[in-house]
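Student: Dropping a prediction and its sequence here:
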Amino acid sequence: MAGNPSPHLPPVPTVFVVDDDPAVLKSLSRLLRSAHLVAATFTSPREFLDRHDPDAPGCLVLDVAMPGLNGLELQQAMATSGHERPIVFLTGHGDIPMSVQAMKRGAVDFLTKPVNDADLLQAVRVAVEKDRLQRQTHAEVADIQRCLAALTPREREVLEHVVAGQLNKQIAYDLGTVEKTIKVHRGQVMKKMRAQSVAELVRLAERVGIRGKR
């Protein structure tokens, strides 16, 4: 797997290719590299699982029919472990039910061998972009969760009331305190959540499933 030219640049996406046919691996690897994509090849799902780094960005190009663990079983194993990544499936059989099953589980595409080079590269680019967006979303949600964790229990209560659209006076009444105290808590909530407005605070809260309470 290729490293980064600079620690300040984001990791380079890798196209992980799993196929039990060495000739296919060589051909796909050559094609991907000719399109300036980083490729890492594996001869079996088990080898991939043993060496797979879920933190590495990229997508998976996966043969369906392989001895031992097959492609669909690898897809399920990754989903179970919480290490899903976008998958482009390859098959030499054109099995429609298998294709439907793979797509229902979130596969980006299902291509029949011998695969058209342009179709594969297009599917891979879609999958890499999907992975980038997923990782960006996960990072943003994790950042919001860290901000939430910095709130005191009372600040968390105030947050939920603010998100519900209540005024300071209403919140003070509900929490059995005075409006001045709520103003202080509210200021701390805005600061810790790094929100510039109530509308932004509401959007941040909604992204982590907080809808507010009345």
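Tutor: Great, that's in hand. Residues are numbered from 1 along each chain as shown.

Student: measure Pro57 to Val88 for me?
Tutor: Taking C-beta to C-beta, to the nearest Å as the measure, Pro57 falls 15 Å from Val88. For glycine as for every other residue, the C-beta is placed from the backbone atoms N, C-alpha and C.

Student: Where do the domain boundaries of the chain fall?
Tutor: 14-137, 145-207 (automatic domain parsing).

Student: which residues of this protein fall in strands?
Tutor: All strands of the chain, identified by DSSP state E, fall at 14-18, 38-42, 58-63, 87-91, 109-112.

Student: for the residue nearest to Val198 when sequence neighbours are not counted, what are its contacts?
Tutor: Leaving aside its chain neighbours, Val198 sits nearest to Val162 (6.5 Å; criterion: C-beta to C-beta, 6 or more residues apart in numbering). Counting by C-beta atoms under 8 Å, 6 or more residues apart in numbering, Val162 touches 171, 186, 189, 198, 201, 212.

Student: related to what we said a few turns ago, between Pro57 and Val88, which one's more packed in?
Tutor: A count of neighbours by other C-beta atoms under 10 Å puts Val88 above the other of Pro57 and Val88, at 25 against 16.

Student: so what does the helix or strand of the chain with the lowest mean pLDDT touch, helix or strand wise?
Tutor: Lowest on mean pLDDT, DSSP states H and E among the helices and strands of the chain sits helix 96-104, with a mean of 73. Judged by 3 or more C-beta pairs under 8 Å, 6 or more residues apart in numbering; DSSP states H and E, the packing partners of helix 96-104 are helix 71-81, strand 87-91, strand 109-112.

Student: I'd like the ones you listed laid out as a markdown table, including mean pLDDT and distance to Arg132.
Tutor: Compiled in a markdown table, the helices and strands packed on helix 96-104 are given as follows (pLDDT from 0 to 100; distance: least, C-beta to C-beta, whole Å):
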| stretch | mean pLDDT | distance to Arg132 |
| --- | --- | --- |
| helix 71-81 | 86 | 18 |
| strand 87-91 | 90 | 15 |
| strand 109-112 | 88 | 17 |
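
Student: hey, least reliable of the domains of the chain by pLDDT?
Tutor: Lowest mean pLDDT within those: domain 14-137, at a mean of 89.

Student: The protein: helices as residue ranges?
Tutor: For the chain, helices defined by DSSP state H occupy the ranges 22-34, 45-51, 71-81, 96-104, 117-149, 153-163, 168-175, 179-192, 198-207.

Student: Number of residues surrounding Leu62?
Tutor: Count around Leu62 with other C-beta under 10 Å applied: 26.

Student: Tell me how far it lies from Leu204.
Tutor: 36 Å.

Student: Closest to the centroid, which residue in this structure?
Tutor: Gln134 (3.1 Å; C-alpha atoms, centre = their mean).

Student: Give me the nearest residue to that residue, chain neighbours excluded.
Tutor: Pro86 (7.7 Å).
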